[in-house]
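Asks: just a sequence and a predicted model for now, questions to come.
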There are 2 protein chains.
Amino acid sequence: MDILLQYVVKSFDRSTKVIDFHYPNELLQEYNWELADQPQNLEEILMHCQTTLKYAIKTGHPRYFNQLSTGLDMVGLAADWLTSTANTNMFTYEIAPVFVLLEYVTLKKMREIIGWPGGSGDGIFSPGGAISNMYAMLIARFKMFPEVKEKGMAAVPRLIAFTSEHSHFSLKKGAAALGIGTDSVILIKCDERGKMIPSDLERRILEAKQKGFVPFLVSATAGTTVYGAFDPLLAVADICKKYKIWMHVDAAWGGGLLMSQKHKWKLSGVERANSVTWNPHKMMGVPLQCSALLVREEGLMQSCNQMHASYLFQQDKHYDLSYDTGDKALQCGRHVDVFKLWLMWRAKGTAGFEAHIDKCLELAEYLYNIIKNREGYEMVFDGKPQHTNVCFWYVPPSLRVLEDNEERMSRLSKVAPVIKARMMEFGTTMVSYQPLGDKVNFFRMVISNPAATHQDIDFLIEEIERLGQDL
Amino acid sequence: MDILLQYVVKSFDRSTKVIDFHYPNELLQEYNWELADQPQNLEEILMHCQTTLKYAIKTGHPRYFNQLSTGLDMVGLAADWLTSTANTNMFTYEIAPVFVLLEYVTLKKMREIIGWPGGSGDGIFSPGGAISNMYAMLIARFKMFPEVKEKGMAAVPRLIAFTSEHSHFSLKKGAAALGIGTDSVILIKCDERGKMIPSDLERRILEAKQKGFVPFLVSATAGTTVYGAFDPLLAVADICKKYKIWMHVDAAWGGGLLMSQKHKWKLSGVERANSVTWNPHKMMGVPLQCSALLVREEGLMQSCNQMHASYLFQQDKHYDLSYDTGDKALQCGRHVDVFKLWLMWRAKGTAGFEAHIDKCLELAEYLYNIIKNREGYEMVFDGKPQHTNVCFWYVPPSLRVLEDNEERMSRLSKVAPVIKARMMEFGTTMVSYQPLGDKVNFFRMVISNPAATHQDIDFLIEEIERLGQDL
C-alpha cells in the first residue's frame, strides 16, 4: 500500500519525471525479470513492485499528454481496487449480482444521454473501443442477414462498410476479422478539418450498389483520433435512413462531450444512430479499461451472439434470467469494467463530468490561442479545436528561413521525433506525433486530465522550444 | 482500504456466508443505484463500496466451488492493485515499458513449458479464453488463406473447423463472428469420459474434403468445461499433420496442469499444437482476467492483424520497435493482464504453482473417493477424475426406490436446481450444475482454490444431503 500511494503522490507532483526512460535492452539487462522454479520472499516481491513502478510511465502526471487516456482519478482507482478484490466475472447475476445491476443502470443512463427514448436499448462493456466497434459491425451484419450466424459470409452478398479516411483503424481490423475483408471498407473523404464529406459518402454508396454490393454499415466518428473531428452526424443519419444502412457512431473519444451542455451539440444526430461506441476511459478519466457499446434495438445482441451454453445459462434457475446477460457477449468470462465508472459518477455527478470536460476543452483552446500566432508554429488545420486535439508543427529557427519545398518538408518531418525522443530522455513531458496523409510528422496534443493547468500548457510550449530550437 | 481488507478477511472465514443472496428486483428496490447530476460525499461513496461488497459473491471463500476461477491470491491481488495504479495500456513500449517486457518474458516461459524449442513463437494476453480461441481461428484461417484479410470469406472456399461435442461454446461463437458460420464447426463425438474420438475426427475430415470443403482447424480441448476431459492430443496431432490442418489446443482450463510433474502427461502432444489457449486465471488462481494465446509460428499474429496506425506505431521512434507489439492484437487499447501472473510466479515459483495444482487435484480425488460408493450418489462417468471436475447426481431417498425410467429422470433433473437455490439462499456453499446431452441436471464440482481442505469437501457433501434429502 505504501508503495502504491507513494507512486500516486509522485504522479501528481510536477517536479517528478513523467518517465525514467530506458531502452528495452537496458531494462532487460539491468534487472532479472526471469521466472524461476523457486519462490521469492516478501521483501523481494515488494522490491519488484518498486522497480516496476520506477520504470513505469506516470500516466496520472499533469504533464503526460501522450494518449487519449490520461489522469488518475482517486475514486476510480479505489473502485478498481474494489473490483480486483471482488474478483468476479460478468456472465451471470448468480456470480456478479451487484455488478450486473450496475451495468444495467449505467448503460441505461448512457443511452438516455445519447437521446434514445427512455434509455431503451441494449449494450455491453467491452474490452476497448476496437472491440466495441467490431461488435457494431457484427450486429449490423446480423440485423441485415441473420443467416450469416449459421451459414457464414458465403451465404450473403458482398457487404460494404463506409467510414471516413480519418476514422480509427479498428474498423478495418474488425472487417478483416469478421471475414468481410479490408477491401470492403470504403474510406470516405474528409474536409480539411477531418470531417467526413456527406456527398462523398452518398456517391460511394451509390457506386457500391451499382456494382451489386450491399452497403450494410456506415461508421461515423465523433472525435477522430488525430484531429478530434466530429463527422456531421445529422447528414450521415439522413443518408443512412435513405439507403437503409446501419448507422454506427464511433464516439470512443468524443462521447464524453455528451456530458457537457456547452459541447454536446457537436454530437447532434447521435440519437439517430443504431449503435454507439463510447469509452469513459478516455475523455471521462475512468481507469483503463472502460468502453461501452450501446445498441438502440433491444435483443439483437443476444440473438446475434448467444450459444446457450447449458453449464452457465441454466434455464431452471430460481431468479429472473433476464439478468444473465453473458450470452450476448463475444467473451465468455468478462472483466467487471462498470464499477469504476459507476462509483466515479456517484462521486462527481453528471455535473462533475461536465466540469471535467469543459475544463479540458478550455485548456485546448488556451493552447490553440497561444500558438496560432506564435513564431515557429504552424497549425495543421485552421480554426478553434472542436475537441481537445490541437495539431501543430514546431518549426525550428533553422527551418523558418527555408522555402516551402521538399527539402523543408523532409527536414520538418524529422523535428517532432527528435523532440519527442528528447522529451522522453529528460522525462519532463510527453506528447504524441504522427504523419497523416501528405502531412509530415506533427504534434498532436490532447488533454483529458483535468489536473492539467494553464501553466502545464505553457511548460509544454517552453519545453518544445528548449528541446527543438537547435534542430 | 479498511473496507477492502475486511472483505478479504471475511472471504477467508468459513463462518461467513459465500453469498448474501437477494433476487434482482429486491436488490434494485432495496437500494438507490441510480446516477444523478449532483456529486455525493466521501461517506456516501464509502457506503456504496460497503453495500457492493455486502451483496457480492465471495469468490475467494474456500467453499465457493461454482466456477473454474475461484480463490483470492494476495500477491495476485496486490499486483492487480499495482496494475490499476499504473493505469496504462499495452500497445507500445513507449507507454508500458516494463509491462511489455514482462509480457515478453512470461509468454516465452509459457511456450517453453508447452515444449516449443527455446520457447520460440508468439502470443498475447487477451480478454478471456473465448477471445483467445477466436484469435486461434483467425490466425489459422490467415495462415492458410492470407488473402482473406483483404478479400474476406468470399475469396476462399468453404472452411471447416472441428472440435469435440464437449468443447467450449466459444468455438462456435468465434466461427459465427468470423463469418465462417456455426454450421461449419463440426462437433466430433466423444467417448464416455468426454474425450474426442480420433477415428470420428478423421472420418469427418474426409467427409468434409469429399464435399469439397477445406478443413482448416482442429481445436482439441485439454480440460473440458464440464467433465474436465483431456482430448488425446498425440492422436489429434497425427491427424492434423496428415491432413495439414492447424492444430489448436484449448487448454484454458487444463493448461495449469503443465506446471505439475505429476499431471502434465495429460497434455502430452500439446507441444505439437500450432496454438494453445491457456488461462492462468482459472487453475492457477491468478485474478481475473488473465488468458494467454500462444502461437508456435512467430510473426503470424502481426501479419494477420496489423493495420499500421501511424499515430501509435510510428516507424521513426528512437527505440527498438519490435517491442511495440500492439498491432498484432485485435484490440487497440489493451488492459495490462500480465503483471499479476508474473508477480505471483516470482512469489510462488513454478514449484508453488505445482503444489497448488497437485493439491486441488488431490482434493478432487478425495471427493471422488468419498462419493463413488456412498449411498445416494451416482457418478456421471466412471473412473478417477483427470482434472478437478467431479460430476455426479445426488439422488434423494424418495428417488432411490424408483425404477430407472422417465419419471425418475424427470424428477432427478429437478433435484440439483433446487439444492443449488437453497445453497444460495443459505449462502453456505456454491457448486454448479447443468444437463449435458441426454444426461439430466448433475452437479459439476470443480476445485481451483488451494485454500479448500478435506473438511470443505466433507461440508459440501453434508450440505447437499441436508438441503436435498426431502426432495
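Replies: Perfect, I can see it now.
Asks: can we go C-alpha only for contacts and neighbour counts from here?
Replies: Fine.
Asks: would you list the phi and psi of residue A:432?
Replies: phi -90, psi 160 (degrees, to the nearest 10).
Asks: dump stretch A:161-172 to PDB, restricted to CA.
Replies: Extracted in PDB, the C-alpha atoms of stretch A:161-172 (Å, rounded to 0.1, in the frame of the first residue of the first chain):
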ATOM      1  CA  ALA A 161     -18.900  -0.700 -44.800                       C
ATOM      2  CA  PHE A 162     -18.200   3.000 -45.000                       C
ATOM      3  CA  THR A 163     -16.100   5.200 -42.700                       C
ATOM      4  CA  SER A 164     -14.000   8.300 -43.100                       C
ATOM      5  CA  GLU A 165     -10.400   8.300 -44.000                       C
ATOM      6  CA  HIS A 166      -9.700   9.800 -40.600                       C
ATOM      7  CA  SER A 167     -11.600   7.100 -38.700                       C
ATOM      8  CA  HIS A 168     -10.000   4.600 -36.300                       C
ATOM      9  CA  PHE A 169      -8.100   1.700 -37.800                       C
ATOM     10  CA  SER A 170     -10.300  -0.700 -35.800                       C
ATOM     11  CA  LEU A 171     -13.000  -0.600 -38.500                       C
ATOM     12  CA  LYS A 172     -10.600  -2.200 -40.900                       C
END
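Asks: what pLDDT, on average, does it get?
Replies: For stretch A:161-172, mean pLDDT is 97.
Asks: can you list contacts of that stretch?
Replies: Contact with stretch A:161-172 is made by A:130-131, A:133-134, A:181-182, A:184-190, A:194-196, A:201, A:215-221, A:224-226, B:307, B:309, B:330-332, as judged by Cα atoms under 8 Å, 6 or more residues apart in numbering or on different chains.
Asks: are any of these buried, and which?
Replies: A:130-131, A:133-134, A:181-182, A:184-190, A:194-196, A:201, A:215-221, A:224-226, B:307, B:330-332 (16 or more other Cα atoms under 10 Å in any protein chain shown).
Asks: from the residues you listed, which land in helices?
Replies: If you go by DSSP state H, these have A:130-131, A:133-134, A:201 in helices.
Asks: near chain B, from the residues you listed?
Replies: A:130-131 (Cα under 8 Å from any Cα of the partner chain).
Asks: and the ones in helices among the buried ones among the contacts of stretch A:161-172, which is closest to chain B?
Replies: Distances from chain B to these, taken as Cα to the nearest Cα, are shortest for residue A:130 (5.3 Å).
Asks: separation between the closest one and residue B:459?
Replies: As for residue A:130, its distance to residue B:459 is 46 Å (criterion: Cα to Cα, to the nearest Å).
Asks: wait, is residue A:277 part of a helix?
Replies: No - applying DSSP: H, G, I helix; E, B strand; the rest coil, one finds residue A:277 to be strand, outside a helix.
Asks: so what's it up against?
Replies: Contacts for residue A:277 were tallied using Cα under 8 Å, 6+ apart; they are A:129, A:132-133, A:248-252, A:255, A:291-294.
Asks: at 10 Å instead, please
Replies: Counting by Cα atoms under 10 Å, 6 or more residues apart in numbering or on different chains, residue A:277 makes contact with A:123-126, A:128-136, A:221-222, A:248-255, A:291-295.
Asks: buried ones among those?
Replies: So, by 16+ other Cα under 10 Å, the buried ones in these are A:123-126, A:128-136, A:221-222, A:248-255, A:291-295.
Asks: ok, longest helix in chain A?
Replies: Assigned via DSSP H, chain A shows its longest helix as helix A:338-371.
Asks: in strands, which of the buried ones among the contacts of residue A:277 appear?
Replies: Among the buried ones among the contacts of residue A:277, the members falling in strands (DSSP state E) are A:123-126, A:221, A:248-250, A:291-295.
Asks: just send the residues you listed back as a markdown table, with distance to chain B and pLDDT too.
Replies: Output for these, formatted as a markdown table (distance: Cα to the nearest Cα, whole Å; pLDDT from 0 to 100):
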| residue | distance to chain B | pLDDT |
| --- | --- | --- |
| A:123 | 17 | 97 |
| A:124 | 14 | 97 |
| A:125 | 12 | 97 |
| A:126 | 9 | 97 |
| A:221 | 16 | 98 |
| A:248 | 18 | 98 |
| A:249 | 17 | 98 |
| A:250 | 14 | 98 |
| A:291 | 10 | 98 |
| A:292 | 13 | 98 |
| A:293 | 14 | 98 |
| A:294 | 17 | 98 |
| A:295 | 17 | 98 |
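Asks: export these to CSV and tack on distance to residue A:278?
Replies: Converted to CSV, those look like this (distance: Cα to Cα, whole Å):
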residue, distance to residue A:278
A:123, 11
A:124, 11
A:125, 10
A:126, 10
A:221, 11
A:248, 11
A:249, 9
A:250, 7
A:291, 6
A:292, 5
A:293, 6
A:294, 8
A:295, 11
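Asks: what is the nearest of those residues to residue A:414?
Replies: Nearest to residue A:414 among those is residue A:221, at 29.7 Å by Cα to Cα.
Asks: nearest residue to that closest one in space, please, no chain neighbours.
Replies: Nearest in space to residue A:221, with sequence neighbours left out and distances taken as Cα to Cα, 6 or more residues apart in numbering or on different chains, is residue A:250 at 4.7 Å.
Asks: low-confidence stretches in chain A?
Replies: By pLDDT under 70, chain A contains no weakly predicted segment.
Asks: ranges for the strands of it?
Replies: Ranges of strands in chain A, per DSSP E, are A:64-65, A:122-126, A:159-164, A:185-188, A:214-221, A:246-250, A:275-278, A:291-295, A:377-379, A:390-394, A:430-436, A:439-445.
Asks: by how many degrees do the longest one and strand A:159-164 diverge?
Replies: In other words, strand A:214-221. Computed with axes from the mean of the first three to the mean of the last three Cα atoms, to 10 degrees, the direction of strand A:214-221 lies at 20 degrees from that of strand A:159-164.
Asks: okay, now the sheet partners of strand A:214-221, with direction.
Replies: Strand A:214-221 sits in its sheet next to strand A:159-164 (parallel), strand A:246-250 (parallel), going by DSSP bridges.
Asks: can you redo the ones you listed as TSV with distance to residue B:23?
Replies: TSV is the format used below for the strands paired with strand A:214-221 (distance: least, Cα to Cα, whole Å):
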stretch	distance to residue B:23
strand A:159-164	43
strand A:246-250	35
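Asks: appreciated, that's everything.
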